[in-house]
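Undergrad: Take a look and give me a structure for this.
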Amino acid sequence: MSSKAGVRAEQTYATGQAAVAGEAPRRAVAAAQRPVPDGAPEPLPEPARAALRLEAVMGALSDPLRMHIVRTLLLESEAFDHTCGWFGLDRPKSSLTHHFRALRDAGLIRQRQYGLERRSHVRVDDLEARFPGLLALVADWRE
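TA: Residues are numbered from 1 along each chain as shown. Here you go, the predicted model:
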């Protein structure tokens, strides 16, 4: 099988799986893509798209709280980005800082500093380019 045929077969398989599981995960991932508003601060340091590593992404997602954060951003996001308080998590600030940093360091989220608060959103374009279908799986995950 040629490499192009293999890619097409993988895309067909992924598309078929999305159809079986329903279109909701795919729509959630598409809805999470929002343009950067004018005047938004520069993102905090993060790995470049080419430097994203699957083992780092999967390691970050292995924690249930971090998986919940990413799923919430994918499924319930109301704006371009959200503060830690928007999630309504009953955890100490230091714990949340740790989890959000782990997500940012793995390349799952992008954070911007707005005065004293950091706001986050999922790096949909980068993650879909590096790991097609991963975010649909995250969105479809049942806790």
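
Undergrad: What distance do you get for the residue nearest the centre of the chain to residue 90?
TA: Note on the chain: the residue nearest the mean C-alpha position is residue 122, at 3.6 Å, using Cα atoms, centre = their mean. Counting by Cβ to Cβ, to the nearest Å, the separation of residue 122 from residue 90 is 22 Å. Glycine gets a C-beta too; all of them are placed from N, C-alpha and C.

Undergrad: I'd guessed the residue nearest to the centre of the chain sits against residue 106; true?
TA: No. Contact criterion Cβ atoms under 8 Å: residue 122 and residue 106 do not qualify, at 11.6 Å.

Undergrad: how about the helices in the chain?
TA: 3-21, 24-31, 54-61, 64-76, 93-106, 124-130, 134-140 (DSSP state H).

Undergrad: what mean pLDDT does the longest one have?
TA: Same thing as helix 3-21. The pLDDT scores in helix 3-21 average 41.

Undergrad: Noted, bye for now.
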